[in-house]
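Participant: Sequence plus predicted model, see below.
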Amino acid sequence: MRISVLSGKGGTGKTTVATNLAKTLEYTYIDCDVEEPNGFIFLKPRILDSKEVNVLVPAVNYDRCTLCGECVRACQFNALANTGKEIVIFEKLCHSCGACSLICPENAVDEIPRIIGKIDTGKHNEITCIRGVLNIGEPMSGPIISEVKSMGSGDNAILDCSPGSSCNVVKAIKDTDYAILVTEPTEFGLHDLKIAVELVIKMGIPYGVIINRGDEYSHLIEDYCDENNIQLLGNIPFDRRIAKLYSEGRLLVDDEIYKKVFIKIAQSIEGVVLCN
């Protein structure tokens, strides 16, 4: 069972929900928000392994290259340019498709690995924790997301996804069994929740909603869920004690009151998922 946790916007409490649910359910935690992976701040796993993630980029062998430009014309991402004196390679535009190497009539284009980030694996008690980390300045997260997802395949897992509805989110939630959409009870939260709902419906993924920082305006989300027959999985209150735990980098389930809240949410999720 693989459950993705996402949100239409940043700052709704997606990682708070993901880390506390992983602890409550004792599922593997996979941080797919590789541009800002902060789940380990709260789970504090003991790091057992760290490995580099590489992508393949072209390297021109000028002993064979005739500067014919076939590689440049084949590239759909404008990662190559022919100056007439050399083939200029823009490595960060390269999507590692290999077309340039395949089409070169002189076999002058080799592919070499380039490091774009890393994957850390550790343990929080008996819970396996995995995170992808994209190097600063790298534009493409996709290869790391794919790699980090593959490392947790076969496990019951909580996937902490990027905020929004970008390609990174699509790649992270693809092939998950259930999606949890975390939102806040504001007009902005409702607006971006609708975008996330549209995404999971389009991808055919069963889903439910959790309200974070619930207050007197929670009815904004509750009414929307009622009108659209969306399962409301739980409501985490807007509470100073939660803010204090969060600011100390602690899990909410360290507090017995909120442990009960997440047990109830976990039971709701397991009930809904089993029905699906």
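Facilitator: Thanks, I have it.
Participant: Can you pull the poorly scored residue ranges out of the protein?
Facilitator: 274-276 (pLDDT under 70).
Participant: can you give me the strands for it?
Facilitator: 2-6, 28-31, 46-60, 80-82, 87-89, 109-124, 127-134, 157-160, 178-183, 207-214, 231-237 (DSSP state E).
Participant: Would you mind giving those as CSV with mean neighbour count added?
Facilitator: Where C-beta positions appear, they are placed from N, C-alpha and C, glycine not excepted. Conversion of these to CSV gives the following (neighbours: other CB atoms under 10 Å):
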stretch, mean neighbour count
strand 2-6, 26
strand 28-31, 27
strand 46-60, 15
strand 80-82, 17
strand 87-89, 18
strand 109-124, 17
strand 127-134, 23
strand 157-160, 27
strand 178-183, 26
strand 207-214, 23
strand 231-237, 19
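Participant: So for H95, which of the ones you listed sits nearest?
Facilitator: strand 46-60 (8.5 Å; CB to CB).
Participant: That closest one pairs with which strands, parallel or anti?
Facilitator: If you go by DSSP bridges, strand 46-60 pairs up with strand 109-124 (antiparallel).
Participant: circling back: rebuild the strands of the chain as TSV, extending it with distance to H191.
Facilitator: Below are the strands of the chain laid out as TSV (distance: least, CB to CB, whole Å):
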stretch	distance to H191
strand 2-6	15
strand 28-31	26
strand 46-60	34
strand 80-82	41
strand 87-89	42
strand 109-124	32
strand 127-134	28
strand 157-160	22
strand 178-183	10
strand 207-214	14
strand 231-237	18
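Participant: you'd agree G122 is up against G39?
Facilitator: No - using CB atoms under 8 Å, G122 is not in contact with G39, being 11.0 Å away.
Participant: hey, what's in contact with both of the two?
Facilitator: C129 (CB atoms under 8 Å, 6 or more residues apart in numbering).
Participant: follow-up on the earlier one: of all the strands of the chain, which one comes closest to K260?
Facilitator: Nearest to K260, of the strands of the chain and by CB to CB, is strand 231-237 at 11.1 Å.
Participant: Which neighbouring elements make contact with the closest one?
Facilitator: strand 207-214, helix 219-227, helix 256-275 (3 or more CB pairs under 8 Å, 6 or more residues apart in numbering; DSSP states H and E).
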